[in-house]
Every structure is written in structure tokens, then in C-alpha cells.
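In: this one's structure only:
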């Protein structure tokens, strides 16, 4: 059984990057644990000969100020009481409100089922007039077990501080980074030497990632230029978020080149480059294996992902898509754009064969109002002779069922016709209940 | 022998071996076939219908479809028997050339479709070299007139007619798959 401990809890008022902040406290103690986004626990009892509690609290205040975080700090004999002191602003367990029982039982906020059961218990006892943990402690443990079983016994043990809580392991995240410092005036802001250096760095980074069975999802490139008066921004930082995990230099370098070339063209570098650094910000696991010499599907998929990443970098995510069919019968709504699924088949695609007539291959951006007279149509004031007006009508109507009682605005009621104009140009025309005609698409 | 005859004889000598080197896509209503690794320009009111028919014949090939802005109707494509997951749609006008370049360089898209918005021969030449290297066929969809750029090896005017689809070949430089079958 471990000896007595002194735990400091830092409770953040808003969601905070607790894992990053925890690294600041490694200088005080190696025993650190975190509660996702909200709390940080540091054991300082074993370091009392190095610094006092007051010194620690003063240093914590400085760190919080530097990192612009708002938090309450409290010291307790265990994780549970220090957490509740910080969260509820009390100094003894007896003063704590009954709702603190939830944090006593589940200080790391990991077990939703248990929290729900304790919440129910808290609600029942509150109705019975038990408002604080002092009142709760007076309830005989036998009664708690009788009523709530193992949960009751567990809650009692935690409140009377007779339970040992193991600290979940927290370790600072491993940072994979490569940096090269250049001798003074080695070269100015040309792109090619930078890319040449980056290639080497990426090779090393991907080798390190491969050894860990990981691929990069985000990279940060920092280019440090010398501070000249003509260089207003000596440090250039580029963040790359990849659509698909990157595992090779070849594809990644193309993406980097695309962004850097654009930036260098927009803002030329006018002072010598001092250093180039690439840091991996985010990784994902992958199941590495020997290359399949009989099937190159995986390589093809990776190349398609790489191409997709480059296109996103160049023209934006919204301009690259696949199409998926929908159940909507309106031609403009009968499909939707799907981003980020390169060549994956649609699940449960609606069956259209024999259900709807053959649609026009091109749709107008908006339906164009047209005039229809005997034997002719006028599209944008230009007259076209009608060769054939097909008798089959496709009637598309709907929208009314969505808001049957509200004022109906979003309804549609269209009769679609296939019309063959001069030069055998087929078009798709629809008619509204008010006898207005619109050109909606054309064939071929 | 006059100049025209000399050229004709030279063509006879050079065309079949050139054609032998090429692979061809079998194409609907166009027996010579479409050469892989070439630029093809299509015009007329049935060009897309014909193109979709070609894509339907070659179900395994992925398609890279570029437009200036979204106008093609994927529902119609699906109705013509083409699986939509084969197609990657790209909407871009300012970066169209770079997008095409990347797609051709990747070698993953045997069919690439784009509108004819380029005027410089140099651009076509660059795309033709990439297409040849990757064995992809780049289809340009022309609106009113064919481009005069020489790197385009096949230009077809495809129209609806009373009998169905009518094809007129305006330019054909890459030989045909018949040469492959019977070079003599």
C-alpha cells in the first residue's frame, strides 16, 4: 500500500488542451494524470523537500497566466477530494454538496453508466433532504448496500477515503521532428534547395513513422529566414492537414511543393534561409506489412489518396467530389456530392431502373424560363423549331407532406417533357401548375 | 511522282507500324477505336451520350471528369449504366490545367474528361505528352468549333440524327485498331 500523498488538482473552467498543459508540470513531479479536457492532477507530496505547497501554487498561477488559461487549484489528500475542492471551491469533504459524489466515484469521467447510477442516487437522497457529503457519510453502509448494492458500497468507500485509486498513465506525447540549420548566406529564397532538404527530412520522418506502424495526418513546416528589414515575416509556418494518411515522401513532397510554390510566388523570400524544420502534428496507426507483389491495389489507393490531397491543396475540398444518388425525384436533388471517399461504392443506392425515365445528361444551373408557342420554343429570346414533343409525362410533386399545416412554400409540382428541337437536340422541359415552362436540362 | 502522292506513299509506309505501337479502346459506332494515350476532341449534341456509352463498355477504368462548374447530371450517368464510384468530379476553371496534369501524371485515370478551354498549343502539347506517358485518354468536350491545336489526334463531331447517333470524323491521326488486327 503506498504511503500518504498530496495531490494538487487544477480544474479548468473551460475545455482546455490538458495534455499539452500537463507537460509544463513535469518539472515539478513525474506523477501526473489528466482528466480529458478538464482537470490535471499532480502528486507533490514526495517533492516537499524541493518546494513548498505555496511555491507550487505560485508557479502554477504563473503557468496558467502565461498559457491564458482560467482554472481553480486545490490541494487534497487524494485525487477525489482535490478534484472536488477545486471544482466546488470548498476546503473540507464534509462541506461538499452531495452532487460531488459523482466526482468522488468517477474522478476521471470515464464510466457513463456508473455516473448515471450515482446521479440517480444523488437525486433520491436530495429528495430525502441529504444535501452534503457530511449527511451522506452518516447513512449506515449496510443501508446503502441494501438499497444500491455494489454501487452504494463503492460510493461509501470513496467518500470515506478508504479506497485506493490507481492513476491512469499519462506520458508526454512523442514529437517526431527533423530540422536543418543552414550556414549563413548559403542560399536565398529559392524553392528547389528547400525542397531538396525537405525530401531528406521527409524520408527520415516516414522511416521513423513506419517503424512505429504509423502514418502522418498533419505536418507543420517552419522556414526560418534571417531577420532583415526587408523581410517583415522571417518565420513562415505552413500547416498541412492531409485528407488521407501519408506514408511516402513522393506524394507528400508534391503537396508541400504546391503550397510553398504558391506562397513563394505571392511573397518572395528576400533574406537567406536559416533553417527548415518539419514536425509531425498528428499520426494514425496502420497495419504495415510486406509489399504484395501480386496485387498493387493498395499502392493504387495510396496514389489516388495522394492525388486527392494535392487537388484539395490546389482547388479546395468543396471542388472535388464523388456523386451519390438520393431518393429525391427532382433532377437537381436526385444526387448529392460526397467528399472524401475516393472511389468507394455507395451503400444502399436507390434502384432507378424502370422507376424514373432517362434523365438529361446536363442540368441547367437554374431552370430557365422559356416561351412555348405552336411548333416553337423561345429560349433566351432565340427561336427553336420543335421536331417532336414526346407524349410521356413525368410528374414530380411533393413537399406538401413535410409541413401539412404550415404555410406551404417549399412545394413543387412539375410535369416534365422530353422535347426534340431542331438539329435533333433533345431537351428536358417542365411545366408548372401556372402553365409556365422552364428548360431544366439537355441531352448529349 | 507529285508531292501529294509522295506524302500518300510516305503515310502508307509509316502509318501501320505507328498504329501497331498503340493500344486502343473499342468504341461504340467507331470501328477504328480510340487510341490510348492520346487527346480526343468531341463536339456535337450527342458527344456526351456517345462518351458515356464508351465508358459503359470499359467498366474497370476510372474516370476523372473536370468541369468549370457543376453541370453534368450524375443521375443520368448512372442511368446509362456507369457506376458513379468510378468517377471523380472536379470543378475548377483557374486550375484546370494543373488538375489535368496531376490526374494524368498519377496514371490512375485511364479516362479524363475536360472542356476545351485552352488555346495555347503548348498546353495541349504538354497534356499530350503526359497522356502518352500514362496511357490515359483525354477527352475534350468542345462547344462550337474544334480546336486547331495539332496535338489533338482525333476530332469527332457526334450528332443525334433520325437514325440514332451520327459520327463525322474531322481529324484522325493515330491510326486505327484495324491496323493492329491486320497490318498488311
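Out: Thanks, I have the structure now. Here the structure is a predicted model, which means the values were calculated and not measured. Numbers count the residues shown, from 1 in each chain, chains lettered A, B, ... in the order given.
In: isn't residue A:175 right up against residue A:282?
Out: No: judged on C-beta atoms under 8 Å, residue A:175 makes no contact with residue A:282 at a distance of 11.4 Å. Using the backbone N, CA and C atoms, a C-beta is placed for each residue, glycine as well.
In: the more surrounded of the two?
Out: Using other C-beta atoms under 10 Å in any protein chain shown as the criterion, residue A:175 and residue A:282 rank with residue A:282 on top: 14 against 8.
In: so the more buried one is in which element?
Out: strand A:273-285 (DSSP states H and E).
In: mind listing what's buried in that strand?
Out: A:273-274, A:276-280, A:283-284 (16 or more other C-beta atoms under 10 Å in any protein chain shown).
In: among the residues you listed, which two are most distant?
Out: Pairwise distances across the buried residues of strand A:273-285 (C-beta to C-beta) peak at 32.0 Å, for the pair A:274 and A:284.
In: where does pLDDT dip in the chain?
Out: This is for chain A. A:1-3, A:184-189, A:288-289, A:341, A:400-410 (pLDDT under 70).
In: to clarify, I was referring to chain B.
Out: B:15-21, B:175-184.
In: which residues in it form strands?
Out: For chain B, the strands defined by DSSP state E occupy B:24-27, B:30-35, B:39-43, B:63-67, B:87-91, B:111-115, B:137-141, B:152-161, B:164-172.
In: quick one: contacts of the third one?
Out: Taking contacts as C-beta atoms under 8 Å, 6 or more residues apart in numbering or on different chains, the residues outside strand B:39-43 that touch it are B:34, B:50-51, B:116, B:124, B:127-128, B:131, B:137-147, B:151-158.
In: ok, now with 6 Å
Out: Contacts to strand B:39-43, defined as C-beta atoms under 6 Å, 6 or more residues apart in numbering or on different chains, come from residues B:128, B:138-142, B:146, B:151-152, B:154-157.
In: out of those, grab the one that's most surrounded.
Out: residue B:138 (27 neighbours).
In: and it, how far from chain A?
Out: The spacing between residue B:138 and chain A, counted by C-beta to the nearest C-beta, to the nearest Å, is 16 Å.
In: show me the contacts for that residue.
Out: If a contact means C-beta under 6 Å, 6+ apart, then residue B:138 has B:39, B:112, B:127, B:131 as its contacts.
In: now those residues: which count as buried?
Out: B:39, B:112, B:127, B:131.
In: for residue 161, which non-adjacent residue is spatially closest?
Out: Going with chain A. residue A:78 (6.2 Å; C-beta to C-beta, 6 or more residues apart in numbering or on different chains).
In: nope, chain B
Out: For residue B:161, the spatially nearest residue (C-beta to C-beta, 6+ apart) is residue A:424, at 5.9 Å.
In: what about that neighbour, neighbour count?
Out: For residue A:424, using other C-beta under 10 Å, the count is 20.
In: related to what we said a few turns ago, could you tell me the angle between the helix or strand just after the strand holding residue A:282 and strand B:63-67?
Out: Following strand A:273-285 in sequence order, the next helix or strand is helix A:297-315 (DSSP H and E). Inter-element angle recorded for helix A:297-315 and strand B:63-67: 10 degrees (by axes from the mean of the first three to the mean of the last three C-alpha atoms, to 10 degrees).
In: so is helix A:297-315 next to chain B?
Out: Yes: Helix A:297-315 comes into contact with chain B (C-beta under 6 Å from any C-beta of the partner chain), by way of A:303-304, A:307, A:310, A:314-315.
In: pull the distance from that helix to the chain's centre.
Out: Computed by C-alpha atoms, centre = their mean, to the nearest Å, the chain-centroid distance of helix A:297-315 equals 20 Å.
In: try stretch A:239-247
Out: 13 Å.
In: same question for stretch A:67-81.
Out: On C-alpha atoms, centre = their mean, the centre of stretch A:67-81 falls 28 Å from that of its chain.
In: in that stretch, what's buried?
Out: Buried, per 16+ other C-beta under 10 Å, within stretch A:67-81: A:69, A:71, A:73-76, A:78-81.
In: wait, doesn't residue A:9 sit right on residue A:42?
Out: No: look at residue A:9 against residue A:42 with C-beta atoms under 6 Å: they stay out of range, at 8.2 Å.
In: which of the two has more residues huddled nearby?
Out: Applying other C-beta under 10 Å to residue A:9 and residue A:42 shows that residue A:9 carries more neighbours, namely 28 against 24.
In: show me what whichever strand or helix holds that one is packed against.
Out: Residue A:9 is part of strand A:7-12, with elements assigned from DSSP H and E. Strand A:7-12 makes packing contacts with strand A:39-43, strand A:71-76, helix A:79-88 when contacts are defined by 3 or more C-beta pairs under 6 Å, 6 or more residues apart in numbering or on different chains; DSSP states H and E.
In: can you list these in CSV and add distance to residue A:203?
Out: Formatted as CSV, these follow (distance: least, C-beta to C-beta, whole Å):
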stretch, distance to residue A:203
strand A:39-43, 37
strand A:71-76, 42
helix A:79-88, 44
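In: please identify which of the ones you listed is closest to chain B.
Out: Closest approach to chain B among these (C-beta to the nearest C-beta): strand A:39-43, 45.7 Å.
In: partners of that closest one, with directions?
Out: Strand pairing for strand A:39-43, determined by DSSP bridges: strand A:7-12 (antiparallel), strand A:32-35 (antiparallel).
In: residues making contact with the longest one?
Out: Outside of strand A:7-12, the residues that reach it under the criterion C-beta under 6 Å, 6+ apart are A:38-44, A:71-76, A:78-79, A:82-83, A:86-87.
In: which of the contacts of residue B:138 sits closest to chain A?
Out: residue B:112 (12.0 Å).
In: what is that closest one paired to in the beta sheet?
Out: Bridge pairing for residue B:112 - DSSP bridges - gives residue B:64, residue B:138.
In: so it touches residue B:66, yeah?
Out: No: contact criterion C-beta under 6 Å: residue B:112 and residue B:66 do not qualify, at 7.4 Å.
In: thanks again, I'm all set now.
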